[in-house]
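**Student:** task: produce atomic coordinates for the following.
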Amino acid sequence: MRIGLIGCGNIGVNAHIPGVQANEGMTVVAAADPTPERLAAAGEAAGLAADNLYADWRDLLARDDIDAVIVATPQRFRPEIVIAAAQAGKHILAEKPLALTPADAQAMIDAAKDHGVTLGTVHNYHFMPVYAEIKDVLDSGEIGAPEVAVMNYLGVEDRPGAAAYVPRWRHNAADSGGGVLTDMLHIVYLAHWIMGGPPTSVSAFIDRRLDADGDVEDIALVRYTYPAGHAFVNMAWGKGPGGVEIGGTKGRVVMETLDDGTHPFVPATRLRVVGERGVRSWEPGTPPAYGMVAILNDFREAVEQGREPVASGEAGLRVLDSVLGAYVAGATGEEVALPLPASHPTYAKGSTGIADLDLPPDSPARRRGLFGLPRPA
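**Tutor:** Below you'll find the model as predicted:
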C-alpha cells in the first residue's frame with residue numbers, strides 16, 4: 001500500500017512514518033505540509049526526494065499512484081482534506097478527533113461511503129498491549145461484569161502543536177475543538193470499550209487553571225453512565241497522578257504506572273487482578289509504540305479484506321459526540337443525555353456552539369472564557 005502523509009507535525013513525523021516503516025506492505029511515497037521545516041523533516045524521516053514533497057495537499061491527492069492517505073493535520077482542516085481524498089478514490093486514515101463538529105464528521109463518513117473507500121480513525125490505544133491485556137481479563141469473566149472504571153490521566157503532557165501556520169493550536173477552541181479531553185480522547189473510547197458500549201449520559205467538571213491565553217479546558221473530571229455502570233475519566237495537563245482501576249461483580253483489575261504517573265508518558269509497570277481465585281500480577285507486554293504500528297496494520301488489512309477497521313469513521317463520530325457531551329455538561333452543570341441530537345448547537349458548531357446555550361452565571365465556560373466565549377472583564 002502506497003501512502004501519502006498529509007500533515008507533518010510531531011505525530012505525522014514521529015509516529016506515523018515509523019509506524020508505516022514497521023509494517024510490511026506499506027510505504028510512505030509522498031508528504032504534504034505548508035511549513036517548509038516540517039515538510040523537510042518528513043522527507044528526511046521517510047527518505048523522500050524533493051519531488052515527492054508538497055506544500056499543497058491537493059497536489060499530493062492528484063497523484064494516481066497513491067492508494068491511501070494519512071491525514072494528520074490539525075482537526076479543523078481534516079473535513080475538506082478527507083472529503084477530497086474520498087472523491088479522489090484514496091482510502092483514508094484520519095487522526096483523532098475526526099473533526100471539530102459531528103456534522104463535519106458525518107459528511108466525511110458519507111463521502112467515504114459514496115466513493116467506496118475506507119475511512120479509519122486513529123484510535124491506536126485499542127492496540128496498546130496493556131489495554132489489550134486488560135480487555136482479555138474482562139472478556140475472560142475473571143472479575144465478572146465491569147461496573148465501575150476509574151481512569152486517572154491527570155499528568156498528560158501539554159503539547160500545544162507544532163504547526164507553524166497555527167501556533168499553539170491545541171489551546172485554541174476554534175482550531176482544536178477543546179483542550180485536554182479532546183487531546184487525550186483515547187481514554188474516552190477506551191472507557192466505552194471497557195464498559196461494553198456507548199454511554200447514555202454524562203456529567204462533568206471542566207476548568208482552565210494555568211493557561212492565561214488559551215480558551216480550552218486544562219482539567220476535565222468526567223463521569224460517563226452506561227446501562228451496566230459508570231466510568232470516571234479524569235484528565236489534566238500537568239504532573240498529576242495516573243493509573244486505571246476497573247471493578248467488576250467478582251473482582252477488579254488494576255493498572256499500575258511508574259511512580260504513579262500517567263501512561264503512556266510513563267510506562268505501565270504492572271497489571272494486578274484481584275478475584276475469587278486470589279491475586280495475580282504481571283508486567284504488561286510490548287511498549288506503547290506498538291499501538292501505532294498495529295492500527296496501521298489493521299487499516300491496511302481492512303482495505304485489503306473489504307472490512308471496517310477496528311476504529312471506523314463512525315467510531316470517531318461517536319467519541320466526538322461523547323467529548324462534546326462532557327463539555328456541555330461541564331458548562332451547564334447538568335447531566336446530559338447522549339448522543340446529542342442533531343438539533344443541538346454543538347452538532348454544527350462543535351464546542352463553540354456552547355456559547356449559544358443558556359449558561360448559568362457561574363458556568364466555568366463563562367467564568368473562564370472557554371470555547372470562544374468572551375472573557376470576563
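
**Student:** all contacts plus neighbour counts: C-alpha atoms, from now on.
**Tutor:** Noted.

**Student:** walk me through the domains of the chain.
**Tutor:** With domains defined by automatic domain parsing, the chain comprises 2-123+292-309, 124-287+310-377.

**Student:** could these be laid out in JSON lines, adding mean neighbour count and mean pLDDT?
**Tutor:** JSON lines is the format used below for the domains of the chain (neighbours: other CA atoms under 10 Å; pLDDT from 0 to 100):
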{"stretch": "domain 2-123+292-309", "mean neighbour count": "20", "mean pLDDT": "98"}
{"stretch": "domain 124-287+310-377", "mean neighbour count": "20", "mean pLDDT": "95"}
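
**Student:** helices of the stretch 201-350 of the chain, residue ranges please.
**Tutor:** Along the stretch 201-350 of the chain, the segments classed as helices by DSSP state H, counting those that start in this stretch run 290-305, 313-332, 345-349.

**Student:** check the stretch 1-150 of the chain too.
**Tutor:** Going by DSSP H, counting those that start in this stretch, the stretch 1-150 of the chain shows helices at 10-11, 17-21, 36-46, 57-61, 78-87, 102-114, 129-140.

**Student:** what is the second one packed up against?
**Tutor:** It stands for helix 17-21. Applying 3 or more CA pairs under 8 Å, 6 or more residues apart in numbering; DSSP states H and E, one finds that helix 17-21 contacts strand 27-32, helix 36-46, helix 290-305.

**Student:** so what touches that helix?
**Tutor:** Contacts with helix 17-21, where a contact means CA atoms under 8 Å, 6 or more residues apart in numbering, come from 26-28, 42, 45-46, 292-293, 296.

**Student:** and with 7 Å instead?
**Tutor:** 26-28, 46, 292-293, 296 (CA atoms under 7 Å, 6 or more residues apart in numbering).

**Student:** tell me the contacts of residue 323?
**Tutor:** Per CA under 7 Å, 6+ apart, neighbours of residue 323: 181-182.

**Student:** ok, residue 204 touching residue 221?
**Tutor:** Yes: Residue 204 is in contact with residue 221 according to CA atoms under 7 Å; the separation is 5.6 Å.

**Student:** still on that earlier bit, for residue 2, find the nearest of the helices of the stretch 1-150 of the chain.
**Tutor:** When the helices of the stretch 1-150 of the chain are compared by CA to CA, helix 17-21 sits nearest residue 2, at 9.9 Å.

**Student:** tell me the SS of the closest residue to residue 355 other than its chain neighbours?
**Tutor:** Nearest residue to residue 355, sequence neighbours excluded (CA to CA, 6 or more residues apart in numbering): residue 373, at 5.9 Å. When classified by DSSP: H, G, I helix; E, B strand; the rest coil, residue 373 comes out as coil.

**Student:** give me phi/psi at residue 373?
**Tutor:** phi -70, psi 150 (degrees, to the nearest 10).

**Student:** just checking, it touches residue 367?
**Tutor:** No: in this structure, residue 373 is not within contact of residue 367 by CA under 7 Å, at 9.1 Å.

**Student:** distance to residue 377 added to the helices and strands packed on helix 17-21, as CSV?
**Tutor:** Shown next, in CSV, are the helices and strands packed on helix 17-21 (distance: least, CA to CA, whole Å):
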stretch, distance to residue 377
strand 27-32, 42
helix 36-46, 39
helix 290-305, 44
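
**Student:** from residue 147, how far off is residue 183?
**Tutor:** From residue 183 across to residue 147, the span is 26 Å (CA to CA, to the nearest Å).

**Student:** show me what the longest strand along the chain is packed up against.
**Tutor:** When the chain is scanned for its longest strand (criterion: DSSP state E), the result is strand 146-156. Strand 146-156 sits against strand 229-237, strand 242-248, with contacts defined as 3 or more CA pairs under 7 Å, 6 or more residues apart in numbering; DSSP states H and E.
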